[in-house]
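J.: Model the following, please.
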Amino acid sequence: MATARNASHGSTTALLNFVALLCSIPVIGAGIWLSSKQDNECVHLARWPVVILGVLLLLASLAGFVGAYWNRPALLAAYFSCMAALIVILFSLVAFAYAVTAPDGSYAVPGRAYREYRLAGYSDWLRHYALARWPEIRLCLSASELCREIGRDRPYLTAYQFFHTELSLSR
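T.: Take a look at the predicted model:
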C-alpha cells in the first residue's frame with residue numbers, strides 16, 4: 001500500500017516537473033528575445049536575468065523530473081534544495097522591492113487631478129540608484145510610446161486641460 005502511494009506521489013511530482021520544464025522554455029525564449037533588442041535601453045536590465053532564471057528553472061525541474069520518475073533520492077534532494085533557494089530568493093526580492101519603494105514619494109497638489117511624485121520621497125538607495133542611472137532612464141522614457149499614446153488618445157490644447165485630466169492608462 002505504501003509503495004503504491006509513493007509511486008503515485010512520484011508520478012505526480014514527475015508530471016509537475018515536466019510541466020515546469022516545458023514552461024521554462026518560453027522563459028528562456030523571452031530572455032533571448034529581450035537580448036536581441038539592442039536598441040531598447042528599457043530592457044537592458046532584464047535581459048540576462050530572465051535567461052538565467054529560465055535556465056535555473058529548467059535545470060531544477062529537470063532534476064525533479066528525473067529524480068521523481070526514476071526514483072533518484074539525490075536528484076530529488078537537489079531539486080528540493082534548489083526550489084527552496086529559489087523561493088527564498090524571490091521572497092527576498094519582494095521584500096527588497098517593498099523596502100526601497102515603501103514611501104511612495106507621492107503628494108497631492110491642489111488643482112491637479114493626479115498626484116505628483118518626487119524622488120526625495122523614496123528610500124536613499126533608490127534615490128541614489130536612479131540619480132546614478134538617470135541618463136539611461138531618460139533615454140528609456142524618451143524612447144517609449146507612453147507620452148505619444150497619451151497625447152494621441154487625449155489631445156490637450158492647454159496646460160490647464162492636461163493638469164485637470166486623470167492620467168491613468170486603464171480604460
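
J.: mind listing the helices in this protein by residue range?
T.: 2-35, 47-69, 73-101, 124-132, 134-143, 146-153, 159-163 (DSSP state H).

J.: For the longest one, name the packing helices and strands.
T.: Just to be clear, that refers to helix 2-35. helix 47-69 (3 or more CB pairs under 8 Å, 6 or more residues apart in numbering; DSSP states H and E). Where C-beta positions appear, they are placed from N, C-alpha and C, glycine not excepted.

J.: 10 Å instead?
T.: Applying 3 or more CB pairs under 10 Å, 6 or more residues apart in numbering; DSSP states H and E, we find helix 2-35 packed against helix 47-69, helix 73-101.

J.: Pick the most deeply packed of those helices.
T.: Ranked by mean neighbour count, the helices and strands packed on helix 2-35 are led by helix 47-69 with a mean of 18 (mean count of other CB atoms under 10 Å).

J.: Could you list every helix and strand that it packs against?
T.: Secondary-structure packing of helix 47-69 (3+ CB pairs under 10 Å, 6+ apart): helix 2-35, helix 73-101.
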